[in-house]
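# Okay, structure incoming, though there's no sequence with it:
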């Protein structure tokens, strides 16, 4: 069984999320389902997840003392592998939200999510 759950957002831009389970991808914007896709080939997505090293991410990336900004959450399950990771203004490997540089691994994850959705969706 394959499961992909990802959410990304904050107070200002609202939450964007996807949920893939049992062959159907549901795309949400501000908690409203806006798109459904079926028949997706996930081979590229899982290969990208492996290349990024997502399975080894920490369970939590938190920037204490900074309450606004961006929160994100990721849950993956494929066969006997599963992982869950959450971040609040911090992205693997410990790149702060306010930093002038983006996290390359988190950007690759967002690009993979965009690929599943079929268009740019995650504004990272």
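Nice, thanks for sending it over. These figures come from a predicted structure and were not determined experimentally. Numbering: from 1, shown residues only.
# For this structure, just list every one of the strands.
2-10, 14-21, 24-29, 32-38, 60-62, 71-78, 81-88, 90-91, 95-96 (DSSP state E).
# Which of the helices and strands in this structure ranks last by mean pLDDT?
One helix or strand of the chain scores below all others by mean pLDDT, DSSP states H and E: strand 95-96, with a mean of 74.
# chain center to that one, what's the gap?
16 Å (C-alpha atoms, centre = their mean, to the nearest Å).
# Could you verify my assumption that residue 84 touches residue 74?
Yes: contact criterion C-beta atoms under 8 Å: residue 84 and residue 74 qualify, at 7.0 Å. In this view, the C-beta of every residue, glycine as well, is placed from N, C-alpha and C.
# coming back round to it: show me what the least confident helix or strand of the chain is packed against.
Using 3 or more C-beta pairs under 8 Å, 6 or more residues apart in numbering; DSSP states H and E, no helix or strand is in contact with strand 95-96.
# Within the sheet, what are the partner strands of it, with directions?
strand 90-91 (antiparallel) (DSSP bridges).
# Below-threshold pLDDT in the protein: ranges please.
Applying pLDDT under 70 to the chain flags the ranges 97-100.
# how many degrees apart are the lengthiest helix in the chain and strand 24-29 in direction?
Ranked by number of residues, the top helix in the chain under DSSP state H is helix 104-117. For helix 104-117 against strand 24-29, the angle by axes from the mean of the first three to the mean of the last three C-alpha atoms, to 10 degrees is 110 degrees.
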